[in-house]
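J.: Pasting the sequence and the predicted coordinates here, then a few questions.
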Amino acid sequence: MLARKLPGLPDGIKVDHSGNVWATGPGGVMIFTAAGRHLATLLTGVPTANINWGDDGSTLYICANHNVCRIKTLVKGVMAGAK
């Protein structure tokens, strides 16, 4: 991704209940397996910093430049303090 010169650098990181790692970086939010295989990238087109799971755990909130975005996912994230 760095070679493609997409905006942004690595910053926020979260994990879902399947063990996949969700991390912000160049171009948006990248999703990796626990073994490090790249699954997908949610392209924002702008520098993207922090992310967090919200609502019932399946909504991902994304800080993308001057916007706070939310996306409903098909997975549930591990939420700090959740029981």
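T.: Sure, I can see it.
J.: quick one: the strands in this structure?
T.: 13-15, 21-25, 28-32, 38-43, 48-54, 59-64, 67-72 (DSSP state E).
J.: Can I get the ones you listed in a markdown table including mean neighbour count, mean pLDDT and distance to L6?
T.: Every residue, glycine included, has its C-beta placed from N, CA and C. Listed next are the strands of the chain as a markdown table, based on neighbours: other CB atoms under 10 Å; pLDDT from 0 to 100; distance: least, CB to CB, whole Å:
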| stretch | mean neighbour count | mean pLDDT | distance to L6 |
| --- | --- | --- | --- |
| strand 13-15 | 16 | 97 | 18 |
| strand 21-25 | 20 | 96 | 8 |
| strand 28-32 | 20 | 96 | 8 |
| strand 38-43 | 13 | 95 | 8 |
| strand 48-54 | 19 | 95 | 10 |
| strand 59-64 | 19 | 96 | 12 |
| strand 67-72 | 11 | 96 | 17 |
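J.: Serialize these to a markdown table and add fields for distance to A80.
T.: Below are the strands of the chain laid out as a markdown table (distance: least, CB to CB, whole Å):
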| stretch | distance to A80 |
| --- | --- |
| strand 13-15 | 9 |
| strand 21-25 | 14 |
| strand 28-32 | 18 |
| strand 38-43 | 21 |
| strand 48-54 | 9 |
| strand 59-64 | 13 |
| strand 67-72 | 18 |
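J.: who touches stretch 64-74?
T.: 16, 28, 42, 44, 46-49, 54, 58-62 (CB atoms under 8 Å, 6 or more residues apart in numbering).
J.: among the strands of the chain, which is nearest K5?
T.: Closest approach to K5 among these (CB to CB): strand 21-25, 12.7 Å.
J.: Output the contacting helices and strands for that closest one.
T.: Secondary-structure packing of strand 21-25 (3 or more CB pairs under 8 Å, 6 or more residues apart in numbering; DSSP states H and E): strand 13-15, strand 28-32, strand 48-54.
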